[in-house]
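Novice: Quick one: sequence and predicted model below, then my questions.
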Amino acid sequence: MKTNILLFILLFASCACGKVCGKVCDKEKEESANAPEKPQVFDYSPDYKAIGVDEARLARIDSLLQDYINKGLIPHALTFVAKDGQVFHNKAFGWRDVEKKIPLEKDDIFRMYSQTKAVTTVALMQLFEQGKFQLDDPVSKYIPEMTDRVKPRNGTEHNAPSPVLIRQLMSHTSGIGALQGGDKSYATLAEYVKEQVKQPLQYDPGMSWNYHPASDVWAYLVEYFSKQSLQDYIKENIFKPLGINDMAYYYPESYKDRFVTVYREEDGQIKPAEMWSGRYPFGSDTRFANGGTGLNGTIEGYARFLQAILNGGSFNNKRILGRRTIEVMSKDQIKHPEGGADNFRFGLGFQIYPGEKITWDANKGASPMVSPGSLSWGGMANTDYIIDTQENMIILLYTNRLPDTKIWELFLNTVYQALE
């Protein structure tokens, strides 16, 4: 009798578990079916209803950008906005060259400056995935010249309480500063970096945020671990798999006419400026490539790179990073409040939009329209981007105009207001 009762209980429990498990499995299948697609190509014929975009309201984007051009505030603007891989705004406004009245084209080449950083960060993280190093490895393990001395601006020189770690390079928290005199006299990245890291740190590693100088150090590590030049490595492992053309540090002379003119504001007017992202891109010596600046390219090329990040590491049916690696890169690395403002978050290679309620000060690059957790950054000449994982959307606006006009923050308003 006891045996029969026990069998009945086991049978009942099995059935109940089957029902529960079945519901759980059904829910997981439903969530998987409703998950955003990971498009491997861009669709330039968007289904506005399917992606939840009010087509009529997109005219506000055009009005904003054209108004800035008409007023002489910016020389040109190029947009690229895609949701679920469907490109719903990709337009060129204004002039590649104002003085010659040459219209801007969608495939024109822009100086991207600090947009270089995300590319070279991904390059190093690819090598992390191959087991070449750990993120908390000391830099000195691979670059023996790395100093352990700290010389703060206001304070006494001392030994660092902890070594500079590789992840602190990519989050700009290492304390490494730029070498006095810059890199112009160095033929290769290795030569420059090995001198750069000998000078004292500006602060204890991990305790503050100092943008840019460490980018050349992590770029050199790409060369160290891959046994390739930085240029060859990113071309082979990032640009080629993603189908990115015309993005490079150096070009043949035949590309000159595709470069947009950089403009700088002087005495209330914008005037052409002889400026380059890194070294002169048409020079004969093409050995040197920076980790934090120097790349030039088209907006569509960089959109491919961003879509791969949004997709969890793949685009063009090629995977350049694993999903978990991107999740690691999207975690805040800043020590608060010493390392930066409470509303500022930075991971490995990208700024992270905070989820907390903050003051929406456009002068500090904050937009209330962007989803928490979105990744972003840009270049000195005002090429900017957002990777919004909640909306499954990438947003790019390119100009080559200095200084910043804050049109980017206004542009974001006009993009997000079109979402249904």
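Specialist: It's in. Residues are numbered from 1 along each chain as shown.

Novice: What distance do you get for residue 167 to residue 311?
Specialist: 24 Å (Cβ to Cβ, to the nearest Å). For glycine as for every other residue, the C-beta is placed from the backbone atoms N, C-alpha and C.

Novice: So which residue is smack in the middle of this protein?
Specialist: The residue lying closest to the centre of the chain (Cα atoms, centre = their mean) is residue 118, at 4.2 Å.

Novice: excluding its backbone neighbours, what's nearest it?
Specialist: residue 349 (4.8 Å; Cβ to Cβ, 6 or more residues apart in numbering).

Novice: Quick check: neighbours of the top strand by length along the chain in the sheet, parallel or antiparallel?
Specialist: Scanning the chain for the strand with the most residues, using DSSP state E, yields strand 76-83. As defined by DSSP bridges, the strand partners of strand 76-83 come to strand 86-89 (antiparallel), strand 92-97 (antiparallel), strand 393-398 (antiparallel).

Novice: Please identify the deepest-packed of these.
Specialist: Of all those, strand 393-398 carries the top mean neighbour count, a mean of 26, counting by mean count of other Cβ atoms under 10 Å.

Novice: Now do the same contact list for residue 351.
Specialist: By Cβ atoms under 8 Å, 6 or more residues apart in numbering, residue 351 lies in contact with 344, 345, 365, 375, 376, 377.

Novice: And for residue 202?
Specialist: By Cβ under 8 Å, 6+ apart, residue 202 lies in contact with 150, 151, 152, 153, 175, 176, 177, 208, 210.

Novice: Swap in 6 Å and give it another go.
Specialist: Contacts for residue 202 (Cβ atoms under 6 Å, 6 or more residues apart in numbering) come out as 175, 177, 210.

Novice: same thing with residue 323?
Specialist: Contacts were defined as Cβ under 6 Å, 6+ apart; by that measure residue 323 touches 312, 313.

Novice: From residue 374, how far off is it?
Specialist: Distance from residue 323 to residue 374, counting by Cβ to Cβ: 17 Å.

Novice: Residue 182 now?
Specialist: Residue 182 is 33 Å from residue 374, by Cβ to Cβ.

Novice: neighbour-wise, which of those two wins?
Specialist: More crowded of residue 182 and residue 374, by other Cβ atoms under 10 Å: residue 374, with 23 against 9.

Novice: Next one: the more buried one from residue 382, what distance?
Specialist: Using Cβ to Cβ, residue 374 is found at 19 Å from residue 382.

Novice: again with residue 319
Specialist: Per Cβ to Cβ, residue 319 is found 31 Å from residue 382.

Novice: End to end on stretch 248-256, go ahead and measure it.
Specialist: End-to-end distance for stretch 248-256: 13 Å, by Cα to Cα, to the nearest Å.

Novice: same question, stretch 43-52
Specialist: End-to-end distance of stretch 43-52 (Cα to Cα): 15 Å.

Novice: Show me what that stretch is in contact with.
Specialist: With contact meaning Cβ under 6 Å, 6+ apart, stretch 43-52 is reached by 55, 83, 84, 85, 86, 87, 88, 419, 420.

Novice: To residue 279, which of the strands paired with strand 76-83 lies closest?
Specialist: With Cβ to Cβ as the criterion, residue 279 lies closest to strand 393-398 of those, at 21.1 Å.

Novice: Which residues outside the closest one are in contact with it?
Specialist: So strand 393-398 is contacted by 78-83, 110, 299, 303, 306-307, 310, 383-387, 408, 411, 415 (Cβ under 6 Å, 6+ apart).

Novice: Toward the C-terminus, what is the element adjacent to it?
Specialist: As assigned by DSSP states H and E, the chain's next helix or strand after strand 393-398 is strand 401-402.
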